[in-house]
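Trainee: Got a predicted structure plus its sequence, pasted below:
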Amino acid sequence: MRIQVYGCRGSIPRPHPDMARYGGNTPCIEVVSHNGGHRLIFDLGSGAFDLGQKVLGEMFARKKADADGEAEGKKLPKQGGSIFITHTHWDHIQGLPFFVPLYLPQFQWNIYGPEGAAKTLQEVLSGQMQHDYFPVRLGDMPSSMKYIGLSEDENEGLWLDGNDFLDESDKIEENGHCNDESATASNDPSTTFRVTTKYLNHTVLTLGYKVEEFVLVQSSRKVKGVSVAYITDHEPYDHSLAKGGYEPPKTCDTNGKPKTTADQSHGEFFKGVDVVFHDCQYLYSEYGAQAAQSKENWGHSTVEYVVDIAFHSNVKHLLLFHHDPQRKDDAMDELVAYARSRAEELEKKHKKSFKMKVDAAKEGDVLELDPFLFASEPEEKKLNMSQHSKESITARLSAMHQSVVLGSYKTDMETLSDMLQKDNKNLSAKVLHSCNDIMQYCKDREPSVVVLDQDLFGCTGLQICEEIRTNMGAWGKDVPVLMVASKSGESVEDQERIVKYLNADNYIKGVYSHAYFITRIQMAMLRIPLRWRRASVPPTEELRVATLRKTGLLDSSFEERFDRITRLAKSMFNVPIALVSLVDSDRQWFKACCGLPEGVRETPRDHAFCAHAILQDDVFVVPDAFQDERFADNPLVSGPPHVRFYAGYPLKIPVQDDKCGCGTVSIGTICIIDSKPRDFSRVDERNSLRDFGAMVVREVVNNDLQQPSR
Ligand SMILES: [Zn+2]
Ligand SMILES: [Zn+2]
């Protein structure tokens with residue numbers, strides 16, 4: 001693996017004579033596979049200009065060598081590669097329009113970057129290339145460009161064939177010339193990259209990358225690896241670690257699993273990695289409250305935090321990165337000397353024999369990592385080359401309903417709620433003020449994320465957190481909880497609760513920007529495991545909910561005119577449960593529920609089969625929930641009422657709305673449920689369910705929508 005630095009300055013390019021040694025270009029790093037077969041690029045800051053020129057030069061050199069019949073040309077990387085963007089702040093993408101290989105049709109680029117729910121990676125990148133800012137639009141660049149949105153994936157990662165860009169004739173055959181145990185660099189062994197990702201703590205969704213290069217020794221399939229991590233634009237989650245003092249994870253919870261904080265999980269991501277580039281914009285003296293201008297919440301790290309975390313993560317070579325635009329070369333030298341002395345102190349204190357190498361990245365630095373250099377023992381790995389097969393994150397999330405509850409005392413949660421819902425139409429955010437309301441809401445609706453002020457009416461946020469973690473079942477154990485620190489300090493009991501139920505890193509102190517908070521909530525939501533498929537939100541959602549509310553049926557008493565219909569359906573289909581379910585913005589509420597235990601009138605919308613049924617035009621059937629990946633892990637399947645069979649017919653209410661042009665909206669369903677699987681393919685059965693649906697609709701249209709007073 002060959003690594004070259006083209007830019008390492010943070011925030012803004014600094015072409016300054018006193019900064020020339022470390023360099024003034026913003027981030028851009030090139031990683032080329034051992035055999036020259038694949039090029040990875042990390043960020044396209046202003047340093048990408050020079051990299052682009054080099055790539056062009058190589059193309060011409062290769063052409064010439066090929067024409068002259070020289071083998072030399074084949075050692076150069078081929079046309080294209082994989083570009084990984086950490087985030088789309090200017091300093092990380094401003095070189096993109098000036099990266100010349102994007103303008104040549106013979107180049108092929110895969111562009112990876114973090115993707116949230118609101119916009120695709122391509123949409124965000126094209127923002128800086130609107131006509132007002134630049135003469136060429138992103139879509140008009142002639143090279144072949146493919147965009148792949150990524151989320152956090154620390155385990156499986158992306159497997160990139162290190163020979164992707166080699167000529168067919170260069171590739172090694174299964175039983176080719178490289179069948180010798182003692183294969184070495186000179187045999188040009190086949191290589192593979194694995195790229196894994198981790199969210200960083202920044203003011204916008206940001207990914208850190210780890211690249212491992214594996215070299216296959218063909219006959220024995222043994223694989224050795226070298227690794228590099230590129231971690232830039234990251235601030236300690238726990239700000240108190242900015243002055244140093246990071247400890248690696250060691251405590252175990254009752255399941256024997258180590259209990260880690262977000263900072264520890266950050267350090268574990270690059271544990272044992274050979275070369276780590278890490279954001280290190282500040283000294284603690286410039287960062288904390290004592291500094292002339294505190295840099296807290298600006299989204300960057302301090303040298304104290306970085307040296308400590310890298311040391312405890314057994315990093316072999318640490319390269320300080322994202323240099324402050326104010327820091328001149330001499331001050332950079334001092335920073336490096338300080339970082340080295342800190343690493344030495346740690347070595348003495350912890351009596352470690354190994355020595356961590358510490359440098360600051362310099363523009364033009366080249367690091368050659370021999371894949372055989374570090375690996376002491378050959379490592380057996382099963383290589384799973386699943387390439388680019390991941391479904392777009394935007395597509396996956398936009399098809400999912402998510403909800404956030406915001407418990408607010410004085411913090412401006414209303415603004416946060418507006419911003420969240422503006423960014424993501426499928427998200428419902430609810431602002432509540434009293435402890436009772438918040439706890440009731442959590443119990444009833446099981447929101448995807450809980451955000452709380454520490455000070456609330458009636459109790460502290462930490463008391464709610466304890467209640468959620470201990471008394472609200474499986475949901476309560478898993479749900480991400482973020483808390484805004486109290487300005488008046490915490491009681492001893494609350495300090496214990498932070499450790500036990502929250503982790504200090506989810507207890508957010510100091511002045512934070514709304515952008516930062518939105519990013520934290522976004523990260524929490526993107527991390528939610530997709531154990532069962534939540535239904536998408538229909539395009540007519542606003543009108544649909546308005547129509548439902550106009551009926552006045554929500555939270556009304558039982559009425560014989562609806563109960564009668566579910567009783568009939570239950571007996572006719574011979575099922576234990578028949579319901580008239582109304583799908584509200586974040587719950588399903590039962591107007592009639594024949595066969596459910598007393599008192600059960602609603603479930604969270606995320607669990608509702610009916611939320612899927614309202615998207616259909618006709619009868620929606622799940623013959624066996626166990627066999628259906630959308631529902632197998634749904635809490636209503638794994639727990640009471642143990643749904644196995646479901647059939648629902650949407651209640652389509654006529655509407656007059658010129659904007660939507662939809663004719664009808666579905667406010668809910670009539671549905672039947674059984675705890676045994678059932679085939680529901682007979683035409684007469686389906687027709688009967690349609691008839692029951694028509695009866696409910698007629699009831700609603702004639703009696704509930706005709707009364708202007710309701
Ligand atoms: Zn930056
Ligand atoms: Zn940034």
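Mentor: Yep, that arrived. Ligands and ions are numbered 1, 2, ... in the order given.

Trainee: quick one: contacts for residue 515?
Mentor: Applying C-beta atoms under 8 Å, 6 or more residues apart in numbering to residue 515 gives the contacts 203-204. (C-beta placed from N, C-alpha, C; glycine too.)

Trainee: tell me which element it falls in.
Mentor: Residue 515 is part of helix 514-527 when elements are defined by DSSP states H and E.

Trainee: buried residues in the helix or strand following that helix?
Mentor: As assigned by DSSP H and E, the chain's next helix or strand after helix 514-527 is helix 541-550. Neighbour counts over helix 541-550 (16 or more other C-beta atoms under 10 Å) mark 541-545, 547-548, 550 as buried.

Trainee: Switch these over to CSV, and while doing so, append pLDDT to every line.
Mentor: Converted to CSV, the buried residues of helix 541-550 look like this (pLDDT from 0 to 100):
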residue, pLDDT
541, 91
542, 90
543, 93
544, 94
545, 95
547, 95
548, 96
550, 94
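
Trainee: could you pull out the helices for the stretch 351-500 of the chain?
Mentor: For the stretch 351-500 of the chain, the helices defined by DSSP state H, counting those that start in this stretch cover 393-398, 413-423, 435-445, 461-471, 473-478, 492-497.

Trainee: elements contacting the second one?
Mentor: Contacts of helix 413-423 with other secondary structure elements, assessed using 3 or more C-beta pairs under 8 Å, 6 or more residues apart in numbering; DSSP states H and E, are made with strand 402-407, strand 427-432, strand 449-453, helix 514-527.

Trainee: Would you mind listing what in the stretch 201-350 of the chain touches ligand 1?
Mentor: Proximity of the stretch 201-350 of the chain to ligand 1 is confined to residue 233 under the rule C-beta under 5 Å from the ion.

Trainee: most remote residue from this structure's center?
Mentor: In the chain, the greatest distance from the average C-alpha position (C-alpha atoms, centre = their mean) is reached by residue 68, at 48.8 Å.

Trainee: confidence score at that residue?
Mentor: On pLDDT, residue 68 comes in at 82.

Trainee: Would you mind putting the CA coordinates of the helix holding residue 515 into PDB?
Mentor: Extracted in PDB, the C-alpha atoms of helix 514-527 (Å, rounded to 0.1, in the frame of the first residue of the first chain):
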ATOM      1  CA  HIS A 514     -28.800  23.100  16.300                       C
ATOM      2  CA  ALA A 515     -26.800  21.600  13.400                       C
ATOM      3  CA  TYR A 516     -24.800  19.600  15.900                       C
ATOM      4  CA  PHE A 517     -27.900  18.300  17.700                       C
ATOM      5  CA  ILE A 518     -29.600  17.400  14.400                       C
ATOM      6  CA  THR A 519     -26.500  15.500  13.400                       C
ATOM      7  CA  ARG A 520     -26.500  13.500  16.700                       C
ATOM      8  CA  ILE A 521     -30.100  12.600  16.200                       C
ATOM      9  CA  GLN A 522     -29.500  11.700  12.600                       C
ATOM     10  CA  MET A 523     -26.600   9.400  13.600                       C
ATOM     11  CA  ALA A 524     -28.800   7.700  16.300                       C
ATOM     12  CA  MET A 525     -31.500   7.100  13.700                       C
ATOM     13  CA  LEU A 526     -29.200   5.800  11.000                       C
ATOM     14  CA  ARG A 527     -27.800   3.300  13.600                       C
END
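
Trainee: what about the residue nearest to residue 589 when sequence neighbours are not counted, how many neighbours?
Mentor: Among residues not flanking residue 589 along the chain, residue 602 sits closest, at 4.5 Å (C-beta to C-beta, 6 or more residues apart in numbering). Each residue near residue 602 was counted by other C-beta atoms under 10 Å, and the total is 18.

Trainee: hang on, residue 602 packs against residue 591?
Mentor: No - contact status for residue 602 versus residue 591: not in contact, 10.6 Å apart, counting by C-beta atoms under 8 Å.

Trainee: and of the helices and strands packed on helix 413-423, who's closest to residue 99?
Mentor: Proximity to residue 99 (C-beta to C-beta) singles out helix 514-527 among the helices and strands packed on helix 413-423, at 26.8 Å.

Trainee: where in the stretch 251-400 of the chain is pLDDT low?
Mentor: When residues are selected by pLDDT under 70, those of the stretch 251-400 of the chain lie in 251-259, 372-400.

Trainee: And the residue of it that's closest to ligand 1?
Mentor: residue 322 (5.7 Å; C-beta to the ion).

Trainee: tally of neighbours for the closest residue to residue 502 other than its chain neighbours?
Mentor: Excluding the flanking residues, the one nearest residue 502 by C-beta to C-beta, 6+ apart is residue 465, at 5.7 Å. If you count neighbours by other C-beta under 10 Å, residue 465 ends up with 25.

Trainee: gap between residue 465 and ligand 2?
Mentor: According to C-beta to the ion, to the nearest Å, residue 465 and ligand 2 sit 30 Å apart.

Trainee: Next one: that residue from residue 453, what distance?
Mentor: Residue 465 is 12 Å from residue 453, where distance means C-beta to C-beta, to the nearest Å.

Trainee: quick revisit: identify, from the buried residues of helix 541-550, the entry nearest to ligand 2.
Mentor: Of all these, the one with the least separation from ligand 2 (C-beta to the ion) is residue 541, at 33.8 Å.

Trainee: Can you pull the residues of this protein lying near ligand 2?
Mentor: When proximity is defined as C-beta under 5 Å from the ion, the chain approaches ligand 2 at 89, 233.

Trainee: lowest-confidence helix or strand of the chain?
Mentor: helix 393-398 (a mean of 59; mean pLDDT, DSSP states H and E).

Trainee: one step back: out of the helices of the stretch 351-500 of the chain, which is the most enclosed?
Mentor: Comparing the helices of the stretch 351-500 of the chain by mean neighbour count (mean count of other C-beta atoms under 10 Å), helix 461-471 ranks first with a mean of 20.

Trainee: Need phi/psi at the residue farthest from the centre of the chain.
Mentor: phi -80, psi 0 (degrees, to the nearest 10).

Trainee: wait, what's in contact with the nearest residue to the residue of the stretch 251-400 of the chain closest to ligand 1 once chain neighbours are set aside?
Mentor: The shortest distance from residue 322 to any residue other than its chain neighbours is 3.7 Å, reached at residue 10 (C-beta to C-beta, 6+ apart). With contacts defined as C-beta under 8 Å, 6+ apart, the neighbours of residue 10 are 26-27, 91, 232-233, 279, 281, 300, 322-325.

Trainee: Then residue 303?
Mentor: 280, 282-284, 320, 335, 338-339, 342.

Trainee: now with 10 Å?
Mentor: Remark: with contacts taken as C-beta atoms under 10 Å, 6 or more residues apart in numbering, residue 303 is in contact with 242, 244, 278, 280-287, 320, 335-336, 338-339, 342, 358, 360.

Trainee: mind checking how far it is from residue 286?
Mentor: 10 Å.

Trainee: circling back: report the buried members of the contacts of residue 303.
Mentor: Buried members of the contacts of residue 303, counted by 16+ other C-beta under 10 Å: 242, 244, 278, 280-284, 286-287, 320, 335-336, 339, 342, 358, 360.

Trainee: Sort out for me which of those are in helices.
Mentor: Within the buried ones among the contacts of residue 303, residues falling in helices by DSSP state H are 284, 286-287, 335-336, 339, 342.

Trainee: Adding distance to residue 704, write the residues you listed out as JSON lines.
Mentor: Below are those laid out as JSON lines (distance: C-beta to C-beta, whole Å):
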{"residue": "284", "distance to residue 704": "64"}
{"residue": "286", "distance to residue 704": "64"}
{"residue": "287", "distance to residue 704": "60"}
{"residue": "335", "distance to residue 704": "70"}
{"residue": "336", "distance to residue 704": "74"}
{"residue": "339", "distance to residue 704": "70"}
{"residue": "342", "distance to residue 704": "71"}
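
Trainee: So which of those residues is the closest to ligand 2?
Mentor: The nearest member of those to ligand 2, counting by C-beta to the ion, is residue 287 at 15.7 Å.

Trainee: and that closest one, how far is that from residue 356?
Mentor: For residue 287 relative to residue 356 (C-beta to C-beta), the value is 22 Å.

Trainee: now the closest residue to ligand 2 within the stretch 551-700 of the chain, nearest residue through space, not along the chain?
Mentor: When scored by C-beta to the ion, the stretch 551-700 of the chain has residue 606 as its residue closest to ligand 2, at 32.7 Å. Spatial nearest neighbour of residue 606, excluding adjacent residues (C-beta to C-beta, 6+ apart): residue 534 at 4.8 Å.
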